[in-house]
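>>> Sequence first, then the predicted structure:
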Amino acid sequence: MNSIEQFRKFADSTKYLYVGSDIYSRMISDFLSFTEGRPVYIIADENTMDAAGNRFLQFCRDESVPVAGLHRFSAEPELTSDYENVIVLKDKLSGNYCVPVAVGSGTINDLVKRTAYELNRPYAVVATAGSVDGYASDGAALLYNGLKQTLPCSAPCFICADTAVLSKAPREMTSAGYADLLAKNPAGADWLIADTVGLDFPEPDVWSMIQGNLPEWTGSPENLLKGDSDAFIRLFTGLNATGFAMQYMKRSRPASGAEHLMSHIWEMDGHTFRGKHVSHGFKVAIGSLASIALMETVLSMKPDGLQIDSALEQWPSFEEKLAAVEKHFTGTGAIDDLLKINREKYISHDELKTRLFSLKDNWGVMAEKVFGHLIPYRRYRDLLERAGCPVVPEAIGLTVEKVMETYYPAQLMRNRYTILDLAVETASLEKACSRIAESRLYLK
Ligand SMILES: NC(=O)C1=CN([C@@H]2O[C@H](COP(=O)(O)OP(=O)(O)OC[C@H]3O[C@@H](n4cnc5c(N)ncnc54)[C@H](OP(=O)(O)O)[C@@H]3O)[C@@H](O)[C@H]2O)C=CC1
Ligand SMILES: O=C(CO)COP(=O)(O)O
């Protein structure tokens, strides 16, 4: 198996990485190099303090690492990725020159990551679950002005994960991490589509690190559910390699495609199921299935089926496109940011015409490339199911109809070309939605 350390060469901020069952006996010397004698300030919550924080505190005591303070968010109500929580943390930390240590999973890590960045300090994370690929990324996925966006900031300088802790995390968190990792497959297909349009060339080293190793990282989902420690190392390696890829590229393209944009819409809607927020990974699982369904439906079309005249006729003017953004997002704090994104993203009728003719010429090559890469829907669903992930929208409190309604606003979320753009630009979204909704396979 590829060692996680060999992927760290892609990271410019993460200098130290410890994963395994005996991390505390090995990491003191590097930890002291990281802190440079400054005290640590631990940020955790009630769940994560029990899961790993107390053990980390014991490590500090045993090794005489000074602890300046401890902020423990309460477990109820659920901690969210709202930027307001960064303000709370900055207020706590700004007075003393300590180094922050996040003890938790995706949300706590992102809150501390952005706080450390705004205070211009390095930070460490003690991971408590293999639930997301965000530990090692250099962005924080936060709700800022109501828009779920990836705010720039440096990745952690020091990452450690005790596999005994990861394997004891709630099973759903592991399944969610598996779904977030497996999603690099449809996200990669989106990258190939963007490449065909001439917008975003897949960086070869990053492509081979992620896509080349993904089958091994995700190949035996049931071993994760059995608590197999090697399976956890593979999962955490894949999640962190993706984070390193984001550090290397300074953007989230290697990790995120249409499936993530759909998940962000549901998060911004405040979607809950049985009174609780649905995890990032579970929303991504349904977003992935929806994205693959759309890819298989749209790309199965023959080039002759691409009606350029009708697509051009349906293409909105600049004003009409902005009006569509207003219609979908008015009343949310995100509206100004989304209008800006869509002003930048808009292409004129003439530009669309050129793109559509080029697409018609390259359609067969693009479909071949994408289908050569994409895990087919049935197999993808099976992998998710074996990993304990949701495979129908109802399992996270959505409906097929709601998923169909999400494709269009998700296309407005980012200036990053995906299958959503291809479907909208070729005026095939509506027809594809009817086919998906009527099919006996997709999202059923
Ligand atoms: N920056 C990036 O590149 C990325 C960021 N993300 C973001 O990460 C967030 C989701 O993170 P995710 O990890 O799924 O969920 P959370 O960090 O929100 O954690 C979900 C719940 O699990 C609890 N928990 C964590 N570890 C343990 C444990 N070992 N034992 C018991 N309970 C535990 C948490 O407790 P508590 O509330 O106490 O922490 C919380 O209640 C989203 O905001 C998403 O957008 C996702 C991918 C990439
Ligand atoms: O969640 C992320 C990666 O897993 C971040 O992706 P976005 O940049 O699309 O928000």
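Yes, it's here. Ligands and ions are numbered 1, 2, ... in the order given.
>>> Near ligand 2, which residues of the stretch 151-300 of the chain are found?
Residues of the stretch 151-300 of the chain found near ligand 2 (CB under 6 Å from any ligand atom) are 180, 252, 255-256, 260, 264. All C-beta atoms are positioned from the backbone trio N, CA, C, and that covers glycine.
>>> Out of the residues you listed, name the ones that lie in strands.
The strands, defined by DSSP state E, take in nothing from these.
>>> Sort out which one of these lies nearest residue 136 for me.
Taking CB to CB as the measure, residue 136 sits nearest to residue 255 out of those, at 10.5 Å.
>>> Next, the residues that contact stretch 264-278 from outside, please.
Here stretch 264-278 makes contact (CB atoms under 8 Å, 6 or more residues apart in numbering) with 78, 80, 143, 146-148, 280, 283, 332, 334, 396-398, 406, 409-410, 413.
>>> again but with stretch 409-422, I slipped
With CB under 8 Å, 6+ apart as the criterion, stretch 409-422 contacts 189-190, 193-194, 197, 199-200, 253, 256-258, 261-262, 264-265, 291, 294-295, 298, 324-325, 328-329, 338, 341-342, 344-345, 359, 407-408, 423-424, 429.
>>> and those residues, which are buried?
For the contacts of stretch 409-422, a burial check counting by 16 or more other CB atoms under 10 Å picks out 189-190, 193-194, 197, 200, 253, 256-258, 261-262, 264-265, 291, 294-295, 298, 324-325, 328-329, 338, 341-342, 359, 407-408, 423-424, 429.
>>> what helices or strands is the worst-scoring helix or strand of the chain on mean pLDDT leaning on?
Here the helix or strand of the chain ranked lowest by mean pLDDT, DSSP states H and E is helix 4-7, holding a mean of 84. If you count contacts as 3 or more CB pairs under 8 Å, 6 or more residues apart in numbering; DSSP states H and E, helix 4-7 packs onto strand 16-20, helix 229-249.
>>> can I get the ones you listed in CSV with mean neighbour count?
Output for these, formatted as CSV (neighbours: other CB atoms under 10 Å):
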stretch, mean neighbour count
strand 16-20, 19
helix 229-249, 24
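>>> Include mean pLDDT when you put these into TSV, please.
Below are those laid out as TSV (pLDDT from 0 to 100):
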stretch	mean pLDDT
strand 16-20	92
helix 229-249	93
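>>> Among these, which comes closest to ligand 1?
helix 229-249 (6.1 Å; CB to the nearest ligand atom).
>>> got the CA coordinates for the closest one in CSV?
Taking C-alpha atoms only, helix 229-249 is exported to CSV below (Å, rounded to 0.1, in the frame of the first residue of the first chain):
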residue,chain,number,x,y,z
SER,A,229,-7.4,-0.9,11.2
ASP,A,230,-5.8,-1.2,7.7
ALA,A,231,-9.1,-0.1,6.2
PHE,A,232,-9.1,3.0,8.4
ILE,A,233,-5.5,3.8,7.4
ARG,A,234,-6.5,3.5,3.7
LEU,A,235,-9.5,5.7,4.2
PHE,A,236,-7.6,8.3,6.2
THR,A,237,-4.8,8.2,3.6
GLY,A,238,-7.2,8.8,0.8
LEU,A,239,-9.0,11.6,2.6
ASN,A,240,-5.7,13.3,3.4
ALA,A,241,-4.1,12.8,0.0
THR,A,242,-7.1,14.7,-1.3
GLY,A,243,-6.5,17.4,1.2
PHE,A,244,-2.9,17.6,0.1
ALA,A,245,-4.0,17.9,-3.5
MET,A,246,-6.2,20.9,-2.5
GLN,A,247,-3.2,22.4,-0.7
TYR,A,248,-1.0,21.9,-3.8
MET,A,249,-3.6,23.3,-6.3
